[in-house]
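Engineer: Need coordinates for the following:
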Amino acid sequence: MIVERDPQARARLVCALRASGYGTVEAGTGREALRSVQMERPDLVLVGAVLPDIGGRDLVRILESGDHGEGVRAVITSGPGASGDDHHDDDEHHLFRWSHVDQVVTLVNSLLDDGAPPDPAALSQPVAAGPLRIDPARLTALVDGKTIALTQRECRFLQVLALHAERTCTRDEIRNLVWDGSEHVIGRTVDVLVSRLRSKLHTATGREVVETVRGIGYRLCGAGGCSAADETTGALPTDTR
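Structural biologist: Numbers count the residues shown, from 1 in each chain. Just a heads-up that it's a prediction; the model follows:
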């Protein structure tokens, strides 16, 4: 659920989160959010720091305390152009300030993944998602019966996408998981890797395997989920970051 008084900021967040694979509901005021949360039971509520009726800090307290039903996890957010009146929220609740929607998607991914990175053991095992099978031991991908040789980073990139095939992986997540958070990954490094990999996969299979979610990151095309590999068988017009 997105609770935000600014319709434009709310629309940007809705667009980004839906493009990333999440279902969303909206509210423009605190009271509207409290009415809706009892029916929708969201997994997470993003609360604008300044609302027209209830302060963001107070709404988060109500939501998390369960005063209007079972407690709901909530986070106070402040987007670009937000009022300076939100500074007092920093004292008792961590205020998440964002300037680009991909930062919010990264936050949501982290919170709904319980903040845990992929299990290192999972990254050492074959993984399958849709028509794609990745074998990290052999550094290969199998698509439609065709085997494609991969570099280590190409393999890790596909593994990360397959392990999170139900959603979009943001560029920040990819930098952290594929390059282990290296500070040397700057500029369009991620985009260059993806472009080369996409060309390699398309040349071999004629299939688009990796999809760009504009302004956010990447996801597998129509994977619909991932599973342990069977060993027996081989956009966002308002944000252009």
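Engineer: now the helices for the protein?
Structural biologist: All helices of the chain, identified by DSSP state H, fall at 7-19, 30-40, 56-65, 101-112, 120-123, 152-163, 171-178, 189-205.
Engineer: Please enumerate residues in contact with the fourth one?
Structural biologist: The one in question is helix 101-112. Residues from elsewhere that reach helix 101-112, judged by C-beta atoms under 8 Å, 6 or more residues apart in numbering: 12-13, 15-17, 20, 22, 43-44, 46, 73, 75, 77, 96, 98, 164, 167-173, 215-217, 236, 239, 241. All C-beta spots, glycine's among them, are computed from the backbone N, C-alpha and C.
Engineer: Turn the buried ones among those residues into a named ChimeraX selection, would you?
Structural biologist: Applying 16 or more other C-beta atoms under 10 Å to the contacts of helix 101-112, the buried members can be selected in ChimeraX as follows:
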select :12,13,15,16,17,20,22,44,46,75,77,96,98,164,167,168,169,170,171,172,173,215,216,217,236,239
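Engineer: Show only the entries of the contacts of helix 101-112 found in strands.
Structural biologist: Per DSSP state E, strands hold the following members of the contacts of helix 101-112: Leu46, Val75, Thr77, Phe96, Cys169, Thr170, Gly217.
Engineer: The second one against Arg57, yeah?
Structural biologist: No: here Val75 does not reach Arg57: they are 11.5 Å apart, not a contact under C-beta atoms under 8 Å.
Engineer: which regions of the chain lie under the pLDDT threshold?
Structural biologist: Counting by pLDDT under 70, the ranges of the chain that qualify are 67-69, 82-93, 114-121, 181-187, 222-241.
Engineer: Let me see the domain layout of it.
Structural biologist: 2-112, 120-228 (automatic domain parsing).
Engineer: From Gly71, how far off is Leu95?
Structural biologist: 20 Å (C-beta to C-beta, to the nearest Å).
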